[in-house]
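S.K.: Here is the input, now give the coordinates:
(chains A and B)
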Amino acid sequence: MKNSTLVFRSLAILIILAGTAHLVSYASPKHGIIQDSEVSADAYSNPKPSQEKTSNEVPETDYLEGNWKVNYSTEAFKGAVVYSIKKEGEAFHAYTYQYQDEQGNSEEADGAKTLTIKSFDGTTGKGMYTMKYEQEEYEIDCVIKRVDDNTFTLSYDYYGYSDVETWKRQ
Amino acid sequence: MLELLSKKLDWVDVQYWFHIVNDLSLFYIILPFFTLELIRYAYLKRLNKDLILDTIANGITFGAFFVIEIILGLLAVTKIYFWIYQNFSLPHLELNWITIITCILLADFAYYWEHRMMHRVGIGWATHTVHHSSTHFNISVAYRFGPMDGISAILFSLPIVMLGFDPLLVLLSEIFVLTFQALLHTEIIGKLTKPVEFIFNTPSHHRVHHGSNRQYWDKNYAGILIIWDRMLGTFEPEEEEVRYGISEPLQSNNPIKVFLHGIFRLFRKLKKVDGFKNKLLVFIKPPDWMPQNQDMVNAKSNG
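M.R.: Numbers count the residues shown, from 1 in each chain, chains lettered A, B, ... in the order given. Presented below is the predicted three-dimensional model:
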């Protein structure tokens, strides 16, 4: 077989396989969340709209809404961050609201989206946590667990780098 | 269907599935199957000293390879793979069934080319000849590795990482391909049904790959899918009875000799070849290559 034939056939195989993965990834709703801008496309209609509607109406899940404070004591940051959790569509999003240093001085945050909670049944939930490390941004899976009416924990494990954060209602 | 295949999966679940298939299969398939093969050898009165020593050598070469692989793996996966993934990769693919399936297929295709390179490049054959040097064919031979067998796998899988696949998924997929391949090293299973033989690599196809019969040289490089060989012109069906081993037999079960004989033979060839350019070419040309002006015996000891 000619070398050129080998090259072309191999490239075709690579393009078909990698292309399929990228097409499906591109065509699927990001992390299972239907973004506002994507809803109109109607490409990823949820097969269980009635169920999700029901879960929307469960007041237990609204427990997450409001401002939450998390204390950090890392080399990069010592102090606390207040997050504002809002319900948007089917998901909850946490935005940075305020930074507080160890002396209690506070500064308004840039409102960056840090956490997306995809599912929450009133007790436990799953989400996507955005972390910055050495200028790189990482999206990692996390688990939410309600401790009491004013506390929940957020835990994650990213290739062995794991932590549990305690979120206190502000 | 598309929704199911594109549904995001949890890493914890995926790693657990791969753990069951890749790691635990040693206990629920490989070892029971090898026991069955030993019983068969005993029944056929082929369970002799040579077979036992050969099996021990296979285990020892695997141990030595595993140590090298762990060191390489730690370096490659935690450093090179992630560095490439963060800096020279297409948009990162999220973890779903399509990503897993295509990653396994790409890992299988990368394995085909890596395997082909190991046979057709001098330095590759210097290490891969270890795997082919056994005159027996059973599942323990699948674990007979050469000292550098893990290096080229890294090179061939980096393009998959560059295509946006998570390095850890690529690594798990590669191990999955190798686990599937291990199961093909057996004489117990004959030919399977035609559709299976057409699409998948089977024990029959892999026996051909291990054959020292001239028509079986450099054939059937596949890992999981034999269609790569069919598409790229290296397929050969099993017709003549297979004679296992290499054309220049090792005639030793000393694990050190087994593990290093390919490297020693490469160095001996380097000594015999004149000129710096020719010495370099020994590394990258096919193992049976010799400079035209040199009267040498065929150095290729293919299986």
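S.K.: Helices of the stretch 51-200 of chain B, residue ranges please.
M.R.: All helices of the stretch 51-200 of chain B, identified by DSSP state H, counting those that start in this stretch, fall at B:82-87, B:97-120, B:122-132, B:151-162, B:167-182, B:194-199.
S.K.: Which one of those lies nearest to residue B:7?
M.R.: Judged by C-beta to C-beta, the one of the helices of the stretch 51-200 of chain B that comes nearest to residue B:7 is helix B:97-120, at 7.3 Å. For the C-beta atoms, the positions are set from N, CA and C on the backbone; glycine is no exception.
S.K.: on that earlier part again, JSON lines please, covering the helices of the stretch 51-200 of chain B and showing mean pLDDT and mean neighbour count.
M.R.: Below are those laid out as JSON lines (pLDDT from 0 to 100; neighbours: other C-beta atoms under 10 Å in any protein chain shown):
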{"stretch": "helix B:82-87", "mean pLDDT": "88", "mean neighbour count": "14"}
{"stretch": "helix B:97-120", "mean pLDDT": "97", "mean neighbour count": "22"}
{"stretch": "helix B:122-132", "mean pLDDT": "97", "mean neighbour count": "25"}
{"stretch": "helix B:151-162", "mean pLDDT": "90", "mean neighbour count": "20"}
{"stretch": "helix B:167-182", "mean pLDDT": "94", "mean neighbour count": "21"}
{"stretch": "helix B:194-199", "mean pLDDT": "98", "mean neighbour count": "12"}
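S.K.: can those helices go into JSON lines with extra columns for distance to residue A:140?
M.R.: Formatted as JSON lines, those follow (distance: least, C-beta to C-beta, whole Å):
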{"stretch": "helix B:82-87", "distance to residue A:140": "14"}
{"stretch": "helix B:97-120", "distance to residue A:140": "17"}
{"stretch": "helix B:122-132", "distance to residue A:140": "38"}
{"stretch": "helix B:151-162", "distance to residue A:140": "18"}
{"stretch": "helix B:167-182", "distance to residue A:140": "13"}
{"stretch": "helix B:194-199", "distance to residue A:140": "37"}
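S.K.: what's near enough to touch residue B:184?
M.R.: By C-beta atoms under 8 Å, 6 or more residues apart in numbering or on different chains, the contact list for residue B:184 reads B:142, B:201-203, B:205-206.
S.K.: Repeat the analysis, applying 6 Å as the threshold.
M.R.: With contact set as C-beta atoms under 6 Å, 6 or more residues apart in numbering or on different chains, residue B:184 has these partners: B:203, B:206.
S.K.: Excluding chain neighbours, give the residue nearest to the residue nearest the centre of chain B in space.
M.R.: For chain B, residue B:115 is the residue whose C-alpha lies nearest the centre (C-alpha atoms, centre = their mean; 6.1 Å). The spatially closest residue to residue B:115, leaving aside those adjacent along the chain, is residue B:221, at 4.2 Å (C-beta to C-beta, 6 or more residues apart in numbering or on different chains).
S.K.: Now do that neighbour against chain A, distance only.
M.R.: Separation of residue B:221 from chain A (C-beta to the nearest C-beta, to the nearest Å): 12 Å.
S.K.: what sits against that residue?
M.R.: B:112, B:115-116, B:234.
S.K.: Ramachandran angles for it?
M.R.: Note on residue B:221: backbone dihedrals following degrees, to the nearest 10 are phi -80, psi -10.
S.K.: where does the chain dip in pLDDT?
M.R.: Reading this off chain A. Along chain A, the parts satisfying pLDDT under 70 run over A:29-61, A:160.
S.K.: right idea, wrong chain: chain B
M.R.: Judged by pLDDT under 70, chain B has its weakly predicted residues at B:294-303.
S.K.: residues from it in reach of chain A?
M.R.: Counting by C-beta under 6 Å from any C-beta of the partner chain, the residues of chain B close to chain A are B:6, B:8, B:93-94, B:98-99, B:102, B:105-106, B:109, B:163, B:231-233.
S.K.: one more time with 7 Å, if that's ok
M.R.: Listed as neighbours of chain A in chain B under the rule C-beta under 7 Å from any C-beta of the partner chain: B:5-8, B:10-11, B:86, B:90, B:93-94, B:98-99, B:102, B:105-106, B:109, B:163-164, B:168, B:231-233.
S.K.: Outline the domain layout of chain A.
M.R.: Domain assignment of chain A by automatic domain parsing yields the ranges A:3-45, A:60-169.
S.K.: With distance to chain B added, can I get these in a markdown table?
M.R.: Shown next, in a markdown table, are those (distance: least, C-beta to the nearest C-beta, whole Å):
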| stretch | distance to chain B |
| --- | --- |
| domain A:3-45 | 4 |
| domain A:60-169 | 6 |
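S.K.: Grab the most central residue of chain A for me.
M.R.: Chain A, centroid-nearest residue using C-alpha atoms, centre = their mean: residue A:128 at 2.3 Å.
S.K.: Around residue B:96, how many other residues sit close by?
M.R.: Residue neighbour count, defined by other C-beta atoms under 10 Å in any protein chain shown, stands at 20 for residue B:96.
S.K.: For it, which residues are in contact?
M.R.: Residues in contact with residue B:96, defined by C-beta atoms under 7 Å, 6 or more residues apart in numbering or on different chains, are B:5-9.
S.K.: And the residues you listed, which is closest to residue A:169?
M.R.: residue B:8 (29.0 Å).
S.K.: Burial check on that closest one, number of neighbours?
M.R.: Neighbour number of residue B:8 under other C-beta under 10 Å is 20.
S.K.: Locate residue A:125 within the secondary structure: which element?
M.R.: In this structure, residue A:125 sits in strand A:124-133 according to DSSP states H and E.
S.K.: and the helix or strand that comes right after that strand, how far from the chain's centre?
M.R.: Once strand A:124-133 ends, the next helix or strand along the chain (criterion: DSSP H and E) is strand A:136-148. Relative to the mean C-alpha coordinate of its chain, strand A:136-148 is positioned 7 Å out (C-alpha atoms, centre = their mean, to the nearest Å).
S.K.: List the neighbouring strands of strand A:136-148 plus their orientation.
M.R.: strand A:124-133 (antiparallel), strand A:151-158 (antiparallel) (DSSP bridges).
S.K.: could the ones you listed go into TSV alongside distance to residue A:19?
M.R.: Output for the strands paired with strand A:136-148, formatted as TSV (distance: least, C-beta to C-beta, whole Å):
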stretch	distance to residue A:19
strand A:124-133	25
strand A:151-158	28
